[in-house]
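[1] Predicted model, plus sequence, below.
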Amino acid sequence: MLIAKPGLDSHDRGAKVVARALRDAGMEVIYTGLRQTPEQIVETALQEDVDVIGLSILSGAHKTLFPKIMRLLRERDLTDVMVFAGGIIPQEDVAKMKKLGIKEIFGPGTTTETIIHYVLDNLPRRS
Amino acid sequence: MLLSNNISLQRGHEMTTFDEKTIDKIRKERQRWEQTTLPRWTKQSKERKNEFLNTSDMLIKCLYTPEDIKSMDYMRDLGFPSEYPFLRGVHATMYRGRLWTMRQFSGFGTAAQTNQRFKYLLKEGETGLSIAFDYPTIMGYDSDHPMGKGEVGICGVAIASLKDMEVLLDGIPLDKVTTSMTINGPAAMLLAMYVAVGDQQGVPRENLGGTTQNDNLKEYFAQKLCIYPPKPAVKLTTDIIEYCARHLPKWNPISISGYHIREAGASAVQELAFTIYDGVTYVESTIERGLKVDDFAHRLSFFFASHNDFFEEVAKFRAARRVWAKLMKERFHAKNPRSMWMRMHVQTSGCTLTAQQPLNNITRTTIQALAAVLGGTQSLHTNSFDEALALPSEQAVRVALRTQQIIAHESGAPNTIDPLAGSYYIEALTNEMEEKVMDYVERVDEMGGAIVAIEKGFFQKEIADSAYKYQREIDEMKRTIVGINDFTIEKEEIPIELLRVDPKVEKDQVASLQKLRRKRDKKKVEETLGKLRRCAEKDENLMPVIIEAAKSYATMGEICEVLRQVYGEYKELIVI
């Protein structure tokens, strides 16, 4: 799976902790590093053939960046990749983001166990 | 690097405040108490935990006595306020003379919107400004750069040129208000714009007061908003320190920052140690320019976080002053006592705020702010209770500022200097903090300095490990966070009103920037940018030419791009 930091936001504490927790839980995790464009994230997902993408953003730019990432995934035919997100996403935006196809959004205070279980329970079946 | 320069801090003990006989008696009495009184209690109810630890993994004893500070020599280790080693405070009157500066970090949307917020804060009794810039500005991009899409004016104010700075500071007298700018990569550019507005207002440069954060080293392992590779970044930092020493005597050219190190996950000891080491590196780089330590060290300032563990934080602030004073005196041979002062700004810890039951954050912030005051800070930012959810609303900012005012005017905390001094616990913690910090300083010395430590990923790994450990402790219920892993509410309605930045901001900002590009004197811009490139290639101090470029209305992105071409861009070293 891929943990990605879109945009200019540099708050990577959460993304790195989640990446490490998922790795410790036995998953193969790639972390993109900071300041990835939507194009770069989708390209990495394609190259690495990931099942899951976790997006982390705390800057408020999710409203611009998440729709673009979801659109590019569709364009590259990566609709079977499960996408979840974390960071500071205001409640009123959560529904909109889910409508785009983001399966779950984890806010501040989420335990790593919650995320691990969620990912394991919702792994997409690959044909 | 000053590897060969031996800086062993005094750890020997020649004279002590407690005499041996008294300590012996206390030791015996403690042993008796542990064998007789204490077991009667622990038999009935055991201690709540097997061990009590703070965030720096210091084992906290059940009781502290003079035995724990038996080698303390009052005059050597504590001294008097405004005297070496400055543990008790840098000013002789401390808050009895003047309260700390209440400085709330703020900025969002366009320059005009933030200008309104500044005026509001000044009206409400704030005594200094602190500017938050948006991500494109921080990364040295213009507001219409593709990387900045969706980020303009969101996390701070968008400043793309002197034009924006003029609007931002409109009606604010720069000879009366001091301004702190949280900016690192493009610190020189924003300082240049500030100086230009000062010139327009007719304020003599020697009267301009404020701070540029300008601490580029911590960017590589903490805040991670780096533009250039570490060496040219330190060069730019040093340019500002040198320029200010010569031309802006009231400006703090740098705010050597532990805050971001802590927020990235470091413990209190790591925060202090890595910050101090960054400070040492800047002192070295400025001395290499030919300045004497006493020419500039008095203007170096520091910035720390105040986290949850009250006593650990108080001890950290106190130890910070003593460690810095010793280093400045012993390693750099400073003569002027002011060069040994560690003046600090403190911000309560953003990462301790919870999105759940957000009003609880007011209580957390109060405790953290009180620790900063009892730790002797010069300036303080208190977080707003809604900041785990969004940028703070006006109401939340007011409560945050009122928290400081209540501590200042109602609590009695500022009535005497360093009131926790002499507490066996606080003094023991302060000593332990200093020892652990110096262990790190020695390790980084041996490694070859801060840049090597960054290139090896040492700081990054230390912080990542601490961040992971902290989260595990919460997940495994070893550390209780109210509202997160205990005392939770099932279905919570958040009844607070959040600040939203209007998406129109980006459009307006881009339009005004493009208008500026059309209207300015293009030849003049090309000239100043060409001069900047030549000076950068010749490795000269870039401040004067960046001021010229800013005055010609060259944009942030254009100025930073010239230096990107000369210096290259930093590629992140990923350490999980």
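    That came through fine.

[2] Single out the residue in the stretch 1-150 of chain B that lies closest to chain A.
    Going by C-beta to the nearest C-beta, chain A is nearest to B:G150 of the stretch 1-150 of chain B, at 2.6 Å. From N, CA and C alone the C-beta is placed, and that goes for glycine too.

[3] Can you name the residues that contact that residue?
    For B:G150, the contact set (C-beta atoms under 8 Å, 6 or more residues apart in numbering or on different chains) comprises A:7, A:60-61, A:63-65, B:506.

[4] residues from the stretch 101-250 of chain B in reach of chain A?
    B:135-136, B:138-139, B:146-151, B:154-155, B:223-225 (C-beta under 8 Å from any C-beta of the partner chain).

[5] Counting neighbours, what do you get for A:E28?
    By the other C-beta atoms under 10 Å in any protein chain shown criterion, the neighbourhood of A:E28 contains 11 residues.

[6] what's the closest non-adjacent residue to it?
    A:M1 (7.0 Å; C-beta to C-beta, 6 or more residues apart in numbering or on different chains).

[7] The one you found reaches A:Y31, doesn't it?
    No. A:M1 lies out of contact with A:Y31 (C-beta atoms under 8 Å); the separation is 9.9 Å.

[8] what's in contact with the helix or strand hosting A:M70?
    Counting by DSSP states H and E, the element that carries A:M70 is helix A:62-75. Applying C-beta under 8 Å, 6+ apart, the external contacts of helix A:62-75 come out as A:6-7, A:38-39, A:41-42, A:45, A:53, A:55, A:57, A:79, A:81, A:83, A:85, A:87, A:89, A:93, A:96-97, A:100-102, B:149-151, B:503.

[9] try it again with 7 Å
    Helix A:62-75 is contacted from outside by A:6-7, A:38-39, A:41-42, A:55, A:57, A:79, A:81, A:85, A:89, A:93, A:97, A:100-102, B:149-150, using C-beta atoms under 7 Å, 6 or more residues apart in numbering or on different chains.

[10] what do you get for stretch B:79-90?
    If you take C-beta under 7 Å, 6+ apart as the criterion, stretch B:79-90 is touched by B:77-78, B:91-92, B:94, B:318, B:321-322, B:325-326, B:337, B:340-343, B:376, B:417-418, B:421.

[11] thinking again about what came up before, out of the contacts of B:G150, which one sits closest to B:L191?
    B:E506 (25.5 Å; C-beta to C-beta).

[12] Show me the strands in the chain, by range?
    No chain specified, so I'll use chain A. A:2-4, A:30-31, A:52-57, A:82-87, A:104-106 (DSSP state E).

[13] You answered for a different chain; I wanted chain B.
    According to DSSP E, the strands that chain B contains are B:101-106, B:128-131, B:179-181, B:210-212, B:251-252, B:254-257, B:300-306, B:343-348, B:379-381.

[14] contacting residues around B:T403?
    Counting by C-beta under 7 Å, 6+ apart, B:T403 touches B:362, B:365-366, B:369, B:382.

[15] hmm, back to that, check what pLDDT the residue of the stretch 1-150 of chain B closest to chain A gets.
    We have a pLDDT of 89 for B:G150.

[16] Same check on A:I69?
    Note on A:I69: pLDDT of 97.

[17] Now do the residue nearest to B:P232 when sequence neighbours are not counted against chain A, distance only.
    Distances taken as C-beta to C-beta, 6+ apart place B:Y567 nearest to B:P232, at 3.9 Å, with adjacent residues excluded. Shown here: B:Y567 relative to chain A, a distance of 18 Å by C-beta to the nearest C-beta, to the nearest Å.

[18] repeat for B:T363
    Counting by C-beta to the nearest C-beta, the gap from B:T363 to chain A is 16 Å.

[19] before we move on, what about B:Q213?
    Distance, B:Q213 to chain A, by C-beta to the nearest C-beta: 14 Å.

[20] I'd say that residue and B:S255 touch.
    Yes. The pair B:Q213 / B:S255 is scored as a contact, 4.7 Å apart, by C-beta atoms under 7 Å.

[21] Which one of these two is surrounded by more residues?
    Using other C-beta under 10 Å as the criterion, B:Q213 and B:S255 rank with B:Q213 on top: 28 against 24.

[22] Return the per-residue confidence for the residue nearest to B:P232.
    Note on B:Y567: pLDDT of 97.

[23] so who does it touch?
    Here B:Y567 is in contact with B:228-229, B:232 (criterion: C-beta under 7 Å, 6+ apart).

[24] Which of these fall within helices?
    Residues of these located in helices (DSSP state H): B:P232.

[25] who wins for most neighbours among the contacts of B:Y567?
    Neighbour counts for these were taken using other C-beta under 10 Å; the highest belongs to B:Y228, with 22 neighbours.

[26] Skipping adjacent residues, who's closest to that one in space?
    B:Y567 (4.4 Å).

[27] cool, B:V197 as well?
    Nearest non-adjacent residue to B:V197 (C-beta to C-beta, 6+ apart): B:L169, at 5.0 Å.

[28] these two touch, right, the one you found and B:V195?
    No. Counting by C-beta under 7 Å, B:L169 does not reach B:V195; the two are 11.5 Å apart.

[29] So which residue is smack in the middle of chain A?
    A:G54 (2.0 Å; C-alpha atoms, centre = their mean).

[30] Contacts only, for B:A297.
    B:A297 makes contacts with B:283, B:328, B:334, B:339, as judged by C-beta under 7 Å, 6+ apart.

[31] Quick check: the gap between the second one and B:R299.
    This means B:M328. Distance from B:M328 to B:R299, counting by C-beta to C-beta, to the nearest Å: 13 Å.

[32] So those two - more neighbours on which side?
    With neighbours defined as other C-beta under 10 Å, B:M328 and B:R299 compare such that B:M328 has more, 29 against 20.

[33] Tell me how many other residues crowd whichever residue of chain A sits closest to chain B.
    Closest to chain B within chain A is A:T64: 2.6 Å, counting by C-beta to the nearest C-beta. By the criterion of other C-beta under 10 Å, A:T64 has 19 neighbours.
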